[in-house]
Structure formats: C-alpha cells, structure tokens
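>>> need coordinates for the following:
(one chain, ligands or ions: 2)
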Amino acid sequence: MIPVETALERLTALADALDIEDVPLDQAAGRVLARDVAARRDQPPFAASAMDGYAVNAAEAERDAQFRVIGEAAAGHRFDGRVGAGQCVRIFTGAPLPEGTDFVIIQEDVHRTGQMITVTHDPGTAPHVRARGADFSAGATVSAPRLLRPQDIALLAAMNVPAVPVTRRPRVAILSTGDELVMPGETPGPDQIIVSNSFGLQAMLRDHGATAEVLPIARDTVASLQTAFAAARDADLILTIGGASVGDHDLVGQVAGELGMEQAFYKIAMRPGKPLMAGRMGGSVMIGLPGNPVSAMVCGHVFVLPVIRRMQGLEARAPDLMRAPLAAALQANGPRAHYMRATLHDGTIRAFDRQDSALLGVLAAANALLVRPPHDPARAVGETVGYMPL
Ligand code: AMP
Ligand code: MG
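Ligands and ions are numbered 1, 2, ... in the order given. Just a heads-up that it's a prediction; the model follows:
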C-alpha cells in the first residue's frame, strides 16, 4: 500500500498535456487556454464617458458655471467638432469624449434651458471619464495555461480575440465490469444491480472538460474484458470500474497486464478506494477503479480529476484542502487516509455516521469529503479539519 500522495505523483507522471486546437469563443468556456493570447486593441479604445451628462473642460467645471450645448455624443456616435471655452456637449455613457473636453458633469448636477446649462451642484473632482486603455492595452496577455471561466471569455471577446488555442478535450472510455450489472432502464435479474458510478464518473469528467463515453458492460470473463479493452483503445484515459480486487472474478489487472499494461502501482493506503491500479497501456493511461459506488466516485475526485487536469495542460497537483471546524467529534483514524462523506453547513463540518462505501445515498447527501490523514488522532468539536468540497 502506498500513500495517496505517492500514488498521485506516479499517476500524474503517466499523463502528458494533449495537443492544441483552436475553438471559437462560444465553445471556449471550461476549456484550458494552451498558449498566451494578446489583446488586439486598447479598451476602451478612446477616452469614454462613464455617465450621462455634459462633457466640458475640467478647468471650467464648477458650481454656477454656464455652458452652451453645441452638440451631442452618444455611444457609437462621436461629436466631431472641437469644444471651446464656455461650451459643452451633451454626452451619454460609452460615448467618446469630444476634443477639448476631459470632464463629464453628470446630468443630475445641471439645469438645462434650451441650449444653455447651468451647473446647480458642486460637480466634484471625479471626471466620470474612462481613460483610453483603462481596462487593458493592445498586447496585454491572458496567460496560459488557464481554465477559461465566463469572465475570461468576456475579457477575450473585448480583446477582439474570436477564437482561442485550447488543449484538446481528454477522451475517456469508462468500462464497467461485472456479471451482476445492467444498464439503467433495463430489467435486472434477481441477482443483478444497476450500473451507477459509471454514470457518476461520466458526469464528473464532463464537468471538468473531458469527453467521456460509457462503454457496454464487460462481463467477468477474459474474453469479454479483452473485447472491452479493444473498444477503449483510442481513449486517452481508460477507466475500468470493478474487478480490481483479488477475488476469483477480479480479472481486470490480469487482462490489462496481458494486453501490455505497465502497472505503476496497485493498492493505496486510503478509505474508500484501496484497490486502485494504474499504468500505461498502449497510447492510453489506464486507471482501474474499485467497483464500490462511493469508492469509485471518491477515487474520481482524488485521482482521476488531477490526471484530467494534467492532460489539459493544467497543474496536476490536487488543490489545497479547504479547512473548517468540526461540528461533531471524530474517533482516531487508522493507518489509511480516510475520505469521509460529510456536510458543511454554516461554516462547520460534520461527517456522516454511516461511511460504508456502498452507500450512494449518503454520498449524494454530502457536500464535502472530510479528509483524515493516516493515524490522525481523535478530534474534538471545534478542531479544524481539511476537506474537499463536492
Ligand atoms: P468489484 O470491485 O468488482 O468486486 O465490485 C465491488 C462492488 O461494487 C460490488 O458490490 C459490485 O457489484 C459493485 N460495482 C462494481 N461496479 C459497479 C458499477 N459500475 N456500478 C455500481 N456498482 C458496481
Ligand atoms: Mg466485480
């Protein structure tokens, strides 16, 4: 049994960043920027009004001053002339400031009669002007690697970048194994159950930028597993579920080995998820997850997502644990790291009493994995523990 951290290092060392493709901005959210991208223009491209009001020369902007309105500037429609002493231009948010002006008196501070305005309130010192390039200048970069969030997409659009280089989505083949399994919607026999974690993992992986296909269920025979591995051959990552222990029907390791899998490790000092295996198999990374529904999902969070991050060119290191005080005491932990299903509520965290790795209902009710290191001593209410949000 190796520690979780060692397993993670060996696992992410198996994967490389995938190749790069260009995608239009409307498909770039959630993708990982693969190369730095530069702004193609200043934003704003001109000094722009930040308010509706009257553009004047700042030196003249004071209470009781009067100005003649000589024109109008609206967003998309600049005023072309020059503004002289005693003159102003009616201006709206987003309009370029006319030549000769550098200050906007907001309309609330002005009384207008015909073409004349009088400043009725102290216009203050804030010019209500967005300087040219105040947001960014041409050449400013968005640096790779970067997971593109909606706000990044908005920034790239403003930079007039219509398409971006991103890392190709990792292709994942999810291979469920077991004679007892049937697909959701099918009619199970009396000794059968429904495949569950395969779909949970598919959702998790898609959420993190991978394409993930659930392959037909492989039966607990060498021939069936061989067929399944052949169908998964083109994937960047082959995820098997189940069949990874040492029971008579646990053939995944054996068949993968016969097909050339170079095993990087097998068995990890963690609960749930001890029988985890990983290695390279042809052009793919192969991870063999334990079959218990919760184990597979927890291993997905702890081990599979960092590999997906690595393939997308991101740092593979697992994010630092969040920290919260305990709402209920914990007994001393044993020799394996324990990823406990827990709820975080009002800033405190509480582990569920039932931690059996077959209980998907408990996992679904949880919003955090409370992480206990090996041999963590008993913990009292109020002590701070680490957790991963779910
Ligand atoms: P195994 O690792 O094959 O011994 O499976 C351990 C437990 O997980 C058994 O109770 C299996 O029935 C169950 N199991 C295996 N694969 C899945 C799956 N894809 N979905 C739900 N349960 C599974
Ligand atoms: Mg099995």
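>>> rest of the way, CA atoms for contacts and neighbours
Noted.
>>> pull the CA atoms of the worst-scoring helix or strand of the chain on mean pLDDT into CSV?
Ranked by mean pLDDT, DSSP states H and E, the weakest helix or strand in the chain is strand 262-266, scoring a mean of 82. The C-alpha trace of strand 262-266 is given here as CSV (Å, rounded to 0.1, in the frame of the first residue of the first chain):
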residue,chain,number,x,y,z
GLU,A,262,2.7,-1.5,-17.4
GLN,A,263,1.4,-1.2,-13.8
ALA,A,264,2.6,1.9,-12.0
PHE,A,265,1.1,0.9,-8.7
TYR,A,266,-1.7,-1.2,-7.2
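>>> what residues are up against Gln43?
Arg132, Gly133, Ala134, Asp135, Phe136, Ser137, Ala138, Ala158, Met159 (Cα atoms under 8 Å, 6 or more residues apart in numbering).
>>> need the pLDDT of the second one.
Per-residue pLDDT puts Gly133 at 97.
>>> okay, now it: neighbour count?
15 (other Cα atoms under 10 Å).
>>> quick check: residues of the stretch 251-390 of the chain near ligand 1?
Within the stretch 251-390 of the chain, the residues that sit near ligand 1 (Cα under 6 Å from any ligand atom) are Pro290, Gly291, Asn292, Pro293.
>>> and which of those is nearest Leu201?
Pro293 (9.9 Å; Cα to Cα).
>>> the closest one and Ser224, how far apart?
Distance of Pro293 to Ser224, computed by Cα to Cα, to the nearest Å: 22 Å.
>>> which of those two has more residues huddled nearby?
Neighbour count, other Cα under 10 Å: between Pro293 and Ser224, Pro293 has more, with 24 against 15.
>>> was I right to think that one contacts Asp356?
No: if you go by Cα atoms under 8 Å, Pro293 and Asp356 don't touch, sitting 10.1 Å apart.
>>> the helix or strand harbouring Ala212 near ligand 1 anywhere?
Ala212 is part of strand 211-214 when elements are defined by DSSP states H and E. No: Strand 211-214 lies out of reach of ligand 1 by Cα under 6 Å from any ligand atom, never closer than 9.8 Å.
>>> name the residues that touch that strand?
Counting by Cα under 8 Å, 6+ apart, 169-176, 198-199, 202, 205-206 sit against strand 211-214.
>>> nearest to ligand 2: which residue in the stretch 1-150 of the chain?
Nearest residue of the stretch 1-150 of the chain to ligand 2: Met1, at 20.9 Å (Cα to the ion).
>>> okay, now that residue: neighbour count?
Number of residues near Met1 (other Cα under 10 Å) recorded here: 14.
>>> that one and Ala61, how far apart?
76 Å.
>>> what about the stretch 251-390 of the chain, any weak spots by pLDDT?
For the stretch 251-390 of the chain, no stretch has pLDDT under 70.
>>> helices along that one, start to end?
Ranges of helices in the stretch 251-390 of the chain, per DSSP state H, counting those that start in this stretch, are 252-258, 293-299, 305-311, 360-365.
>>> any chance of those in TSV with distance to Tyr339 as columns?
Below are the helices of the stretch 251-390 of the chain laid out as TSV (distance: least, Cα to Cα, whole Å):
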stretch	distance to Tyr339
helix 252-258	25
helix 293-299	8
helix 305-311	16
helix 360-365	11
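>>> how about the strands of the stretch 201-350 of the chain, start to end?
Using DSSP state E, counting those that start in this stretch, the strands of the stretch 201-350 of the chain run over residues 211-214, 237-241, 262-266, 270-271, 277-281, 284-289, 322-325, 337-345, 348-351.
>>> dihedrals phi and psi, Leu25?
With angles defined as degrees, to the nearest 10, Leu25 sits at phi -60, psi -30.
>>> contacting residues around it?
Shown in contact with Leu25 (Cα under 8 Å, 6+ apart): Ile153, Leu156, Ala157, Val161, Pro162, Ala163, Val164.
>>> which of those fall within helices?
Ile153, Leu156, Ala157 (DSSP state H).
>>> same list (the residues you listed) but as TSV, adding neighbour count, pLDDT and distance to ligand 1.
Shown next, in TSV, are the ones in helices among the contacts of Leu25 (neighbours: other Cα atoms under 10 Å; pLDDT from 0 to 100; distance: Cα to the nearest ligand atom, whole Å):
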residue	neighbour count	pLDDT	distance to ligand 1
Ile153	20	98	36
Leu156	22	98	40
Ala157	15	98	42
